[in-house]
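Q: next comes the sequence, and after it the predicted model I'd like to discuss.
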Amino acid sequence: MSIDLARLARRNGKRAAITVRPILPTVAHAQDLALIYLDVVRIWTEAIPIIMAGYSGMTTDSAAENQAAIDAAQDQVSRLVLAFGARVREWAVRIEKWHRQKWADAVYSATDVQLGAVLTGSPVAETVDEFVARNVALIKDVSAQAQGRIADAVFRGYQERTPAREVARSIRDATGMARDRSVRIASDQNTKLSAALDRERQLEAGLTLGRWRHSSKKHPRKAHVARDGKVYDLKTGKQRNPDGTAMDGGDQIESGDWPGQPPFCGCRMSAYLPIMAELE
(Lines give C-alpha, C1' and ligand atoms only; values in the text may rest on other atoms or scores of the structure.)
Protein backbone atom coordinates (compact mmCIF):
# COMPACT_ATOMS: atom_id res chain seq x y z
CA MET A 1 0.00 0.00 0.00
CA SER A 2 1.32 3.43 -0.97
CA ILE A 3 0.71 6.45 1.28
CA ASP A 4 1.35 10.07 0.31
CA LEU A 5 2.03 11.43 3.79
CA ALA A 6 3.20 14.84 2.57
CA ARG A 7 -0.05 15.40 0.66
CA LEU A 8 -2.12 14.32 3.65
CA ALA A 9 -0.16 16.63 5.94
CA ARG A 10 -0.69 19.58 3.58
CA ARG A 11 -4.39 18.78 3.49
CA ASN A 12 -4.37 19.11 7.28
CA GLY A 13 -2.98 22.61 6.98
CA LYS A 14 0.67 21.85 7.65
CA ARG A 15 2.99 24.37 5.99
CA ALA A 16 6.33 24.30 7.80
CA ALA A 17 8.92 21.56 7.34
CA ILE A 18 8.23 18.58 9.62
CA THR A 19 10.62 16.19 11.33
CA VAL A 20 8.83 13.17 12.77
CA ARG A 21 10.19 12.12 16.15
CA PRO A 22 12.39 8.99 16.03
CA ILE A 23 11.27 5.64 17.41
CA LEU A 24 13.77 4.45 20.01
CA PRO A 25 14.12 0.69 20.67
CA THR A 26 13.77 -0.25 24.33
CA VAL A 27 16.16 -2.02 26.68
CA ALA A 28 13.33 -4.35 27.69
CA HIS A 29 12.97 -5.56 24.10
CA ALA A 30 16.70 -6.26 23.89
CA GLN A 31 16.55 -8.17 27.18
CA ASP A 32 13.69 -10.32 25.90
CA LEU A 33 15.69 -11.22 22.81
CA ALA A 34 18.76 -11.94 24.94
CA LEU A 35 16.77 -14.46 26.98
CA ILE A 36 15.97 -16.39 23.79
CA TYR A 37 19.68 -16.48 22.94
CA LEU A 38 20.65 -17.49 26.46
CA ASP A 39 18.36 -20.51 26.40
CA VAL A 40 20.65 -21.96 23.72
CA VAL A 41 23.83 -20.98 25.55
CA ARG A 42 22.44 -22.63 28.69
CA ILE A 43 22.86 -26.04 27.04
CA TRP A 44 26.63 -25.59 27.11
CA THR A 45 26.58 -24.35 30.69
CA GLU A 46 24.58 -27.37 31.83
CA ALA A 47 26.92 -29.69 29.92
CA ILE A 48 30.00 -28.65 31.94
CA PRO A 49 29.54 -31.21 34.78
CA ILE A 50 28.89 -33.98 32.25
CA ILE A 51 31.95 -33.08 30.20
CA MET A 52 34.15 -32.80 33.27
CA ALA A 53 32.84 -36.05 34.77
CA GLY A 54 34.80 -37.97 32.16
CA TYR A 55 37.92 -35.82 32.30
CA SER A 56 41.02 -37.44 33.73
CA GLY A 57 43.71 -35.61 31.80
CA MET A 58 45.45 -38.91 31.23
CA THR A 59 43.76 -41.47 28.94
CA THR A 60 42.38 -41.49 25.43
CA ASP A 61 39.34 -43.41 26.71
CA SER A 62 38.47 -40.44 28.92
CA ALA A 63 39.00 -38.10 25.97
CA ALA A 64 36.49 -40.13 23.96
CA GLU A 65 33.97 -39.76 26.78
CA ASN A 66 34.53 -36.01 26.80
CA GLN A 67 34.00 -35.84 23.05
CA ALA A 68 30.79 -37.83 23.37
CA ALA A 69 29.52 -35.38 25.99
CA ILE A 70 30.39 -32.41 23.77
CA ASP A 71 28.67 -34.05 20.79
CA ALA A 72 25.58 -34.73 22.89
CA ALA A 73 25.39 -31.08 23.91
CA GLN A 74 25.75 -30.02 20.28
CA ASP A 75 22.88 -32.34 19.32
CA GLN A 76 20.73 -30.61 21.92
CA VAL A 77 21.71 -27.21 20.56
CA SER A 78 20.85 -28.27 17.01
CA ARG A 79 17.36 -29.29 18.10
CA LEU A 80 16.91 -26.10 20.12
CA VAL A 81 17.91 -23.90 17.16
CA LEU A 82 14.67 -24.91 15.43
CA ALA A 83 12.67 -23.63 18.39
CA PHE A 84 14.97 -20.60 18.56
CA GLY A 85 13.95 -19.53 15.07
CA ALA A 86 10.26 -19.77 15.92
CA ARG A 87 10.72 -17.83 19.16
CA VAL A 88 12.73 -15.09 17.44
CA ARG A 89 9.98 -14.77 14.84
CA GLU A 90 7.38 -14.36 17.58
CA TRP A 91 9.58 -11.70 19.19
CA ALA A 92 10.13 -9.89 15.87
CA VAL A 93 6.41 -9.90 15.03
CA ARG A 94 5.65 -8.44 18.46
CA ILE A 95 8.30 -5.73 17.98
CA GLU A 96 6.94 -4.94 14.51
CA LYS A 97 3.46 -4.38 15.96
CA TRP A 98 4.94 -2.18 18.68
CA HIS A 99 6.96 -0.23 16.12
CA ARG A 100 3.92 0.13 13.84
CA GLN A 101 1.91 1.74 16.63
CA LYS A 102 4.80 4.00 17.63
CA TRP A 103 5.19 5.10 14.00
CA ALA A 104 1.47 5.84 13.70
CA ASP A 105 1.58 7.83 16.95
CA ALA A 106 4.65 9.81 15.86
CA VAL A 107 3.13 10.60 12.47
CA TYR A 108 -0.14 11.73 14.02
CA SER A 109 1.67 13.92 16.54
CA ALA A 110 3.64 15.64 13.76
CA THR A 111 1.05 15.84 10.96
CA ASP A 112 -2.43 15.13 12.39
CA VAL A 113 -2.62 12.26 9.91
CA GLN A 114 -3.98 9.01 11.33
CA LEU A 115 -2.32 5.93 9.86
CA GLY A 116 -3.16 3.35 12.52
CA ALA A 117 -6.14 1.93 10.64
CA VAL A 118 -4.31 1.47 7.32
CA LEU A 119 -0.93 0.13 8.41
CA THR A 120 -0.36 -3.64 8.36
CA GLY A 121 2.58 -5.98 8.81
CA SER A 122 2.63 -7.06 5.15
CA PRO A 123 4.94 -4.30 3.81
CA VAL A 124 7.66 -5.24 6.32
CA ALA A 125 7.23 -9.04 6.22
CA GLU A 126 10.43 -9.50 4.19
CA THR A 127 12.36 -7.39 6.71
CA VAL A 128 11.13 -9.64 9.52
CA ASP A 129 12.05 -12.78 7.55
CA GLU A 130 15.57 -11.48 6.94
CA PHE A 131 15.92 -10.60 10.62
CA VAL A 132 14.92 -14.10 11.72
CA ALA A 133 17.32 -15.76 9.27
CA ARG A 134 20.17 -13.52 10.40
CA ASN A 135 19.60 -14.30 14.07
CA VAL A 136 19.44 -18.06 13.46
CA ALA A 137 22.83 -17.75 11.77
CA LEU A 138 24.15 -15.72 14.69
CA ILE A 139 23.06 -18.19 17.39
CA LYS A 140 24.63 -21.02 15.39
CA ASP A 141 27.88 -19.05 15.32
CA VAL A 142 27.70 -18.31 19.06
CA SER A 143 27.20 -22.01 19.76
CA ALA A 144 29.95 -23.07 17.37
CA GLN A 145 32.42 -20.73 19.04
CA ALA A 146 31.46 -22.04 22.48
CA GLN A 147 31.82 -25.63 21.30
CA GLY A 148 35.21 -24.90 19.74
CA ARG A 149 36.54 -23.23 22.88
CA ILE A 150 35.23 -26.03 25.11
CA ALA A 151 36.73 -28.77 22.94
CA ASP A 152 40.01 -26.88 22.75
CA ALA A 153 40.16 -26.52 26.55
CA VAL A 154 39.48 -30.23 27.08
CA PHE A 155 41.89 -31.66 24.51
CA ARG A 156 44.61 -29.14 25.22
CA GLY A 157 44.19 -30.27 28.82
CA TYR A 158 44.99 -33.85 27.81
CA GLN A 159 48.02 -32.74 25.83
CA GLU A 160 49.40 -30.65 28.68
CA ARG A 161 48.14 -32.84 31.57
CA THR A 162 46.20 -29.86 32.93
CA PRO A 163 44.40 -30.35 36.26
CA ALA A 164 40.63 -30.74 36.02
CA ARG A 165 39.89 -27.57 37.97
CA GLU A 166 41.83 -25.47 35.43
CA VAL A 167 40.09 -27.13 32.49
CA ALA A 168 36.72 -26.54 34.13
CA ARG A 169 37.62 -22.88 34.61
CA SER A 170 38.52 -22.57 30.92
CA ILE A 171 35.19 -24.14 29.94
CA ARG A 172 33.29 -21.78 32.24
CA ASP A 173 35.15 -18.88 30.61
CA ALA A 174 34.03 -20.16 27.21
CA THR A 175 30.37 -20.30 28.23
CA GLY A 176 30.71 -16.91 29.90
CA MET A 177 31.99 -15.40 26.66
CA ALA A 178 29.04 -16.97 24.84
CA ARG A 179 26.62 -15.41 27.35
CA ASP A 180 28.24 -11.99 27.07
CA ARG A 181 28.28 -12.13 23.29
CA SER A 182 24.61 -13.18 23.22
CA VAL A 183 23.61 -10.15 25.29
CA ARG A 184 25.60 -7.82 23.02
CA ILE A 185 24.13 -9.37 19.89
CA ALA A 186 20.59 -9.07 21.24
CA SER A 187 21.09 -5.37 21.98
CA ASP A 188 22.54 -4.73 18.52
CA GLN A 189 19.90 -6.77 16.69
CA ASN A 190 17.10 -4.99 18.56
CA THR A 191 18.45 -1.68 17.26
CA LYS A 192 18.97 -3.02 13.74
CA LEU A 193 15.40 -4.30 13.43
CA SER A 194 13.98 -0.99 14.61
CA ALA A 195 16.16 0.96 12.15
CA ALA A 196 15.14 -1.32 9.28
CA LEU A 197 11.47 -0.87 10.16
CA ASP A 198 11.98 2.91 10.31
CA ARG A 199 13.18 2.96 6.73
CA GLU A 200 10.51 0.60 5.41
CA ARG A 201 7.70 2.61 6.98
CA GLN A 202 9.11 5.91 5.73
CA LEU A 203 9.33 4.62 2.17
CA GLU A 204 5.82 3.15 2.45
CA ALA A 205 4.58 6.62 3.41
CA GLY A 206 5.96 8.02 0.16
CA LEU A 207 8.74 9.91 1.92
CA THR A 208 12.00 10.61 0.12
CA LEU A 209 13.97 12.40 2.83
CA GLY A 210 15.19 11.71 6.34
CA ARG A 211 17.02 13.71 8.99
CA TRP A 212 19.95 12.02 10.74
CA ARG A 213 19.71 11.89 14.54
CA HIS A 214 22.91 11.00 16.37
CA SER A 215 22.57 8.66 19.35
CA SER A 216 24.88 10.68 21.66
CA LYS A 217 26.49 7.42 22.76
CA LYS A 218 29.98 7.41 24.21
CA HIS A 219 32.79 6.72 21.73
CA PRO A 220 30.70 7.65 18.67
CA ARG A 221 31.73 7.35 15.04
CA LYS A 222 32.98 10.80 14.04
CA ALA A 223 31.25 10.64 10.67
CA HIS A 224 27.94 9.93 12.40
CA VAL A 225 28.35 12.86 14.77
CA ALA A 226 29.01 15.11 11.77
CA ARG A 227 25.77 13.96 10.15
CA ASP A 228 23.56 14.96 13.07
CA GLY A 229 20.66 17.09 11.82
CA LYS A 230 21.56 16.74 8.15
CA VAL A 231 18.96 15.75 5.55
CA TYR A 232 19.48 12.75 3.26
CA ASP A 233 17.74 11.08 0.34
CA LEU A 234 16.26 7.83 1.70
CA LYS A 235 17.03 5.89 -1.47
CA THR A 236 20.38 7.22 -2.67
CA GLY A 237 21.92 8.29 0.64
CA LYS A 238 22.96 11.63 -0.84
CA GLN A 239 22.81 14.68 1.40
CA ARG A 240 20.14 17.23 0.46
CA ASN A 241 19.50 20.86 1.31
CA PRO A 242 16.94 21.42 4.08
CA ASP A 243 14.33 22.28 1.44
CA GLY A 244 14.92 18.89 -0.20
CA THR A 245 16.72 20.21 -3.27
CA ALA A 246 19.93 18.67 -4.61
CA MET A 247 23.15 19.76 -2.94
CA ASP A 248 26.45 20.37 -4.64
CA GLY A 249 28.98 18.19 -2.91
CA GLY A 250 27.67 17.19 0.47
CA ASP A 251 27.88 13.90 2.33
CA GLN A 252 27.04 10.44 1.02
CA ILE A 253 25.80 7.54 3.16
CA GLU A 254 27.47 4.40 1.90
CA SER A 255 25.78 1.00 1.87
CA GLY A 256 25.94 -0.55 5.34
CA ASP A 257 26.48 2.80 7.07
CA TRP A 258 22.86 3.89 7.48
CA PRO A 259 21.61 4.59 11.02
CA GLY A 260 21.51 1.40 13.03
CA GLN A 261 23.39 -0.68 10.46
CA PRO A 262 27.01 -0.57 11.71
CA PRO A 263 27.69 -2.64 14.84
CA PHE A 264 26.12 -1.06 17.93
CA CYS A 265 25.11 2.12 16.09
CA GLY A 266 22.26 3.84 17.92
CA CYS A 267 21.66 6.63 15.41
CA ARG A 268 18.19 7.06 13.88
CA MET A 269 16.85 8.42 10.61
CA SER A 270 13.84 10.60 11.37
CA ALA A 271 11.21 11.06 8.67
CA TYR A 272 11.47 14.55 7.17
CA LEU A 273 8.88 16.46 5.12
CA PRO A 274 10.00 19.79 3.55
CA ILE A 275 6.38 20.85 3.07
CA MET A 276 6.94 24.56 2.52
CA ALA A 277 9.41 23.84 -0.28
CA GLU A 278 6.91 21.49 -1.92
CA LEU A 279 4.24 24.19 -1.84
CA GLU A 280 6.50 26.68 -3.55
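A: Right, received. Where do you want to start?
Q: how about Gly210, phi and psi?
A: Here is the backbone geometry of Gly210 (degrees, to the nearest 10): phi -140, psi 150.
Q: separation between the closest residue to Trp212 other than its chain neighbours and Gln145?
A: For Trp212, ignoring the flanking residues on the chain, the nearest one in space by Cβ to Cβ, 6 or more residues apart in numbering is Arg227 at 4.2 Å. Bear in mind the C-beta positions are built from the backbone N, C-alpha and C, glycine included. Counting by Cβ to Cβ, to the nearest Å, the gap between Arg227 and Gln145 amounts to 34 Å.
Q: more crowded one of those two?
A: Arg227 (22 against 14; other Cβ atoms under 10 Å).
Q: assign a three-state SS to Asp180, would you?
A: helix (DSSP: H, G, I helix; E, B strand; the rest coil).
Q: how many neighbouring residues does it have?
A: There are 11 residues near Asp180, going by other Cβ under 10 Å.
Q: same thing with Ser109?
A: Applying other Cβ under 10 Å, we find 10 residues neighbouring Ser109.
Q: my read is that Gln114 contacts Ala104, right?
A: Yes. Counting by Cβ atoms under 8 Å, Gln114 touches Ala104, with 7.3 Å between them.
Q: looking at the two, which one has more neighbours?
A: Ala104 (18 against 12).
Q: tally of neighbours for the nearest residue to the more buried one once chain neighbours are set aside?
A: Once flanking residues are discounted, Ala104 sits nearest to Gly116: 4.2 Å by Cβ to Cβ, 6+ apart. The number of residues packed near Gly116 is 12, by other Cβ under 10 Å.
Q: now for Gly116: which residues touch it?
A: Going by Cβ atoms under 8 Å, 6 or more residues apart in numbering, Gly116 touches 101, 104, 108.
Q: count of neighbours near Thr120?
A: 11.
Q: what about it, which SS state?
A: Thr120 ends up coil, using three-state DSSP.
Q: now do it, the pLDDT please.
A: pLDDT for Thr120: 94.
Q: tell me the pLDDT of the residue most central in space within the chain.
A: Taking Cα atoms, centre = their mean as the criterion, Gln189 is the residue nearest the geometric centre of the chain, at 1.4 Å. For Gln189, the pLDDT comes out at 98.
Q: can I assume it is in contact with Ala137?
A: No. Using Cβ under 8 Å, Gln189 is not in contact with Ala137, being 11.3 Å away.
Q: run a quick neighbour tally on Val132.
A: 21.
Q: how near is Gly256 to Lys192?
A: 11 Å.
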